[in-house]
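Undergrad: Below is the structure, and that's it, no one-letter string:
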């Protein structure tokens, strides 16, 4: 599986255009064994290619039609939101958002106070579209935090939608 993982994290161009997706598909087919390899072990990275690899593989494992494997993927990712390692927290949040794990939204929203994982949490919450998280995101938009974080908060609110998000965005515009 390690050899497949190395192939799954390559640039998907040229001679790798077929090899990378094939490696990712074989990892998905490996099911729980791939999950054991990736979570939490491979989440501690800031490398975009590696992140793309585990997002694709974990996304494939967590497809709704995979039932119990989807449940196991979410159950393995949830504790990672509390990891000591910022990359693990951020990457776990992003994958949970990508796979549509709405039940993770409250735990992901807690990462809005974590400057090291905040951007991943915002991207996840925007994808999850849980209106219950809009007040926390709106507070971030209206804060004195980094402009990049406030801009991402605005994008997240647009994704979430609803009255709280709309009102926060209108206040920001004025």
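TA: Sure thing, it's come through. This one's a predicted model, so the numbers in the text were calculated from it and none came from an experiment.
Undergrad: correct me, but residue 30 touches residue 1?
TA: Yes - Residue 30 lies in contact with residue 1 (CB atoms under 8 Å); the separation is 6.2 Å. Placement of C-beta: from N, CA and C, glycine included.
Undergrad: Which residue ranges of the protein form helices?
TA: Taking DSSP state H, the helices of the chain run over residues 2-8, 16-30, 32-38, 48-61, 68-77, 86-98, 105-109, 118-128, 134-141, 147-160, 163-173.
Undergrad: can you pull the buried residues of the fifth one?
TA: Translated: helix 68-77. 69-70, 72-74, 76-77 (16 or more other CB atoms under 10 Å).
Undergrad: Identify, from those residues, the entry nearest to residue 84.
TA: Residue 84 has its nearest neighbour among the buried residues of helix 68-77 in residue 77, at 15.9 Å by CB to CB.
Undergrad: since we're on residue 27, how many residues are nearby?
TA: Residue 27 is flanked by 26 other residues according to other CB atoms under 10 Å.
Undergrad: contacting residues for it?
TA: Residue 27 makes contact with 1, 4-5, 8, 34, 37, 57, 60, according to CB atoms under 8 Å, 6 or more residues apart in numbering.
Undergrad: Please tabulate those residues in JSON lines, including the columns distance to residue 173, neighbour count and pLDDT.
TA: Formatted as JSON lines, the contacts of residue 27 follow (distance: CB to CB, whole Å; neighbours: other CB atoms under 10 Å; pLDDT from 0 to 100):
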{"residue": "1", "distance to residue 173": "49", "neighbour count": "15", "pLDDT": "94"}
{"residue": "4", "distance to residue 173": "48", "neighbour count": "19", "pLDDT": "96"}
{"residue": "5", "distance to residue 173": "45", "neighbour count": "20", "pLDDT": "97"}
{"residue": "8", "distance to residue 173": "42", "neighbour count": "29", "pLDDT": "96"}
{"residue": "34", "distance to residue 173": "45", "neighbour count": "26", "pLDDT": "97"}
{"residue": "37", "distance to residue 173": "46", "neighbour count": "17", "pLDDT": "96"}
{"residue": "57", "distance to residue 173": "40", "neighbour count": "28", "pLDDT": "97"}
{"residue": "60", "distance to residue 173": "39", "neighbour count": "19", "pLDDT": "97"}
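Undergrad: Let me have the residues you listed in JSON lines, extended by distance to residue 116.
TA: Output for the contacts of residue 27, formatted as JSON lines (distance: CB to CB, whole Å):
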{"residue": "1", "distance to residue 116": "29"}
{"residue": "4", "distance to residue 116": "30"}
{"residue": "5", "distance to residue 116": "25"}
{"residue": "8", "distance to residue 116": "26"}
{"residue": "34", "distance to residue 116": "27"}
{"residue": "37", "distance to residue 116": "24"}
{"residue": "57", "distance to residue 116": "24"}
{"residue": "60", "distance to residue 116": "27"}
